[in-house]
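Asker: model this:
(chains A and B)
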Amino acid sequence: MDTTPRAIRSVKGFADLFEPWSALFTRMEDTARRVFGAYGYRELRLPLLEYADLFSRAIGAETDVVQKEMFTFPDRGGRLVTLRPEATAGIMRACIENGLCGRESLSRIFTCGPMFRYERPQKGRMRQFHQIDCECLGLVEPQADAEILLMLLHFLRELGIRDLVLDLNTLGCRLCRPAYGRALTAFLLTLSPEDLCENCRRRARTNPLRVLDCKEAACQALLRDAPLLPDHVCPDCADHFAAVRALLENQGVACNLNPRLVRGLDYYNRTAFELISSAIGAQGAVAGGGRYDGLLAQLGGPDLPGIGFACGMERLALLMDEAGRNRPDFFIAAPRAAGTALELAQVLREAGLCGEAAFSAGSLKSQMRQASRSRARFCLILGEEELAQGTVTIRDMDKATQHPLSRTDLPAWAAERLV
RNA sequence: GCGGAUGUAGCUCAGUUGGCUAGAGCACCUGGUUGUGGCCCAGGGGGUCGUGAGUUCAAGCCUCAUCAUUCGCCCCA
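Answerer: Residues are numbered from 1 along each chain as shown, chains lettered A, B, ... in the order given. As a prediction, the model looks like this:
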């Protein structure tokens, strides 16, 4: 009987993010704090776990996310809790609970961290994934829509990400969308069901709006004359949409008016947008968001409007250049003097340099190889002679020159390197 | 939830119609040379071929199952 323990593995869809991922994530978060901070956004750190009904109420009980993608389970007290599948609902809850959205106040908030959805993993889609999320509460004005989009584009520019397409649409409001839904359904009934693809036949009943963005060429041909949202929204929504477009155009933002853009979360209305990359596989939506007037009230808060977006950090990372790793200042090779190597390394670090010392047994040659691999600028050599004389040999790894140095002079040497 | 592909060394992969001790490159270790690292040379360690069963004289290769990974669909960031 084999008693060898099997190696334990990570949970499916949950990834370990080593470098370069971790470094790219840090850069994204730092950039977010700086750029969003310039627009008045404050950071909020949210819990990962919420009561399950927050999401069914906010996202919509009929959505795919709520129906089949949430990690929901009873806690030890028997209450249903959910690992958050998105951030907006939690931000709304936090603002209401802490009185941050009083009638006259305006809140601009961002957060970042892991989200959880039980989906089949593929490129650009993990079960634990990470988002940066911004929400602006309290402004109905189209300037708010334009500003948050400008901020998002600013942020991406700072990360060096270009060549994204901005899709823009209006989804109407709670007053005009039902009428549009009826018009679309009526149109779909005029088509013969056999001509639509299997997915669309189902969607025509369950979620007619979704039929609009089917990728099948045959379906798209049939839908050429379908009623479209921008032509059917109420005058208020139409004015709002026109104003947003004009503001973006004034700022030189090119966008692709996509009357078939629909979003899968029920709380969106009016402005909806997506930023899409064609360079990272099938899951090309890098950021998405829109307006959600009415959501706060629906969750028991004040009747304030809101607009926000989320961007997927893994997907952004796929578009970023890997940051070159910082080159260490030193490496200490000390084949028979690990203890001294440790001491000297501490001296150098406290003087402000970075680097490492070889502790493991190994020939000078193999430790020099390590020094070379570490890409350190200088190798400090502690061989037999140096140990006997209380010195250290400092070798410039690029120029292949070296000179001896008294150990007591190390702090001064380190200080020179800092300049 | 549905479909396709793939699991052979730490990594990237070869492995012909099943046939002796399973290979390469890179990486790693030891040594030589270089004034103590990079280049070069010599040597070396490391794989129960994802797992389990079946067919066969013989399975890395064929069959079935199972697990895992991956790319798509769906949906979303």
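Asker: and residue A:368, what does it touch?
Answerer: For residue A:368, the contact set (C-beta atoms under 8 Å, 6 or more residues apart in numbering) comprises A:333, A:379, A:381. Just so you know, the C-beta spots here come from the backbone N, C-alpha and C atoms, and that holds for glycine as well.
Asker: quick one: mean pLDDT over the helix or strand hosting it.
Answerer: For residue A:368, the host element (DSSP states H and E) is helix A:364-374. Helix A:364-374 carries an average pLDDT of 90.
Asker: any idea how far that helix is from the chain center?
Answerer: The chain centre lies 38 Å from the centre of helix A:364-374; the measure is C-alpha atoms, centre = their mean, to the nearest Å.
Asker: thinking again about what came up before, format the contacts of residue A:368 as CSV; extra columns: pLDDT, distance to residue A:212 and neighbour count.
Answerer: Converted to CSV, those look like this (pLDDT from 0 to 100; distance: C-beta to C-beta, whole Å; neighbours: other C-beta atoms under 10 Å):
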residue, pLDDT, distance to residue A:212, neighbour count
A:333, 92, 66, 25
A:379, 94, 64, 23
A:381, 93, 69, 23
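Asker: return only those of these found close to RNA strand B.
Answerer: Applying C-beta under 7 Å from any atom of the strand, the subset of those adjacent to RNA strand B comprises A:333, A:381.
Asker: could I get the contacts of residue A:368 as TSV with distance to residue A:87?
Answerer: TSV is the format used below for the contacts of residue A:368 (distance: C-beta to C-beta, whole Å):
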residue	distance to residue A:87
A:333	49
A:379	47
A:381	52
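Asker: so which of the contacts of residue A:368 is the closest to RNA strand B?
Answerer: Of all the contacts of residue A:368, residue A:381 has the smallest distance to RNA strand B: 4.4 Å, by C-beta to the nearest atom of the strand.
Asker: which non-adjacent residue is nearest the closest one?
Answerer: The shortest distance from residue A:381 to any non-neighbouring residue, by C-beta to C-beta, 6 or more residues apart in numbering, is to residue A:393 (4.1 Å).
Asker: now swap in residue A:396 and tell me
Answerer: Residue A:396 sits nearest to residue A:378 (C-beta to C-beta, 6+ apart), 6.1 Å away.
Asker: and the one you found, how many neighbours?
Answerer: Residue A:378 has 22 neighbours, counted by other C-beta atoms under 10 Å.
Asker: for residue A:241, same thing?
Answerer: Residues contacting residue A:241 under the criterion other C-beta under 10 Å number 23.
Asker: repeat for residue A:180
Answerer: Residue A:180: 20 neighbours (other C-beta under 10 Å).
Asker: OK, contacts around the closest residue to RNA strand B within the stretch 251-400 of chain A?
Answerer: Proximity of the stretch 251-400 of chain A to RNA strand B (C-beta to the nearest atom of the strand) peaks at residue A:264, 0.5 Å away. Residues in contact with residue A:264 (C-beta under 8 Å, 6+ apart) are A:63, A:64, A:65.
Asker: before we move on, what about residue A:267?
Answerer: Neighbouring residues of residue A:267 by C-beta under 8 Å, 6+ apart: A:58, A:59, A:60, A:88, A:292, A:294, A:295, A:298.
Asker: can you flag which of these belong to strands?
Answerer: Judged by DSSP state E, those include no members of strands.
Asker: from the residues you listed, pick the one nearest residue A:236.
Answerer: Of all the contacts of residue A:267, residue A:236 sits closest to residue A:294, with 13.8 Å by C-beta to C-beta.
Asker: now the closest one: phi and psi?
Answerer: In terms of degrees, to the nearest 10, the main-chain angles of residue A:294 are phi 100, psi -20.
Asker: let me see the contact set for it.
Answerer: Counting by C-beta under 8 Å, 6+ apart, residue A:294 makes contact with A:174, A:267, A:269, A:303, A:305.
Asker: show me what counts as buried in stretch A:295-305.
Answerer: For stretch A:295-305, burial by neighbour count (16 or more other C-beta atoms under 10 Å) applies to A:295, A:296, A:299, A:301, A:304, A:305.
Asker: what residues does it touch?
Answerer: A:54, A:57-58, A:88-89, A:92-93, A:95-96, A:101-103, A:137-140, A:267, A:291-294, A:306.
Asker: circling back: show me which of the contacts of residue A:264 is closest to RNA strand B.
Answerer: residue A:64 (3.9 Å).
Asker: and for that closest one, nearest residue in space, chain neighbours not counted?
Answerer: residue A:264 (6.3 Å).
Asker: per-residue pLDDT, that neighbour?
Answerer: 80.
Asker: next one: the one 5 residues further on
Answerer: On the pLDDT scale, residue A:269 is placed at 92.
Asker: which ones are touching it?
Answerer: Contacts here follow C-beta under 8 Å, 6+ apart; on that basis residue A:269 touches A:171, A:172, A:173, A:174, A:177, A:290, A:291, A:292, A:293, A:294.
Asker: same check, this time on residue A:56
Answerer: Shown in contact with residue A:56 (C-beta under 8 Å, 6+ apart): residue A:66.
Asker: distance of it relative to residue A:62?
Answerer: As judged by C-beta to C-beta, to the nearest Å, residue A:56 and residue A:62 stand 9 Å apart.
Asker: please, where are all the helices along the stretch 201-350 of chain A?
Answerer: A:208-211, A:217-222, A:229-232, A:235-250, A:295-298, A:313-317, A:338-350 (DSSP state H, counting those that start in this stretch).
Asker: give the buried residues for the third one.
Answerer: Judged by neighbour count using 16+ other C-beta under 10 Å, the buried positions of helix A:229-232 are A:229, A:230, A:232.
Asker: do the same with the second one
Answerer: Of all the residues in helix A:217-222, those buried under the rule 16+ other C-beta under 10 Å are A:219, A:222.
Asker: residue A:379: helix or strand, and which one exactly?
Answerer: Assigned by DSSP H and E, residue A:379 belongs to strand A:378-381.
Asker: quick one: residues in contact with that strand.
Answerer: A:329-334, A:344, A:364, A:368, A:371, A:392-397, A:402, A:417.
Asker: do the worst-scoring helix or strand of chain A on mean pLDDT and RNA strand B meet at all?
Answerer: Ranking every helix and strand in chain A by mean pLDDT, DSSP states H and E puts helix A:198-206 at the bottom, with a mean of 74. Yes - against RNA strand B, helix A:198-206 shows contacts by C-beta under 7 Å from any atom of the strand at A:199, A:203.
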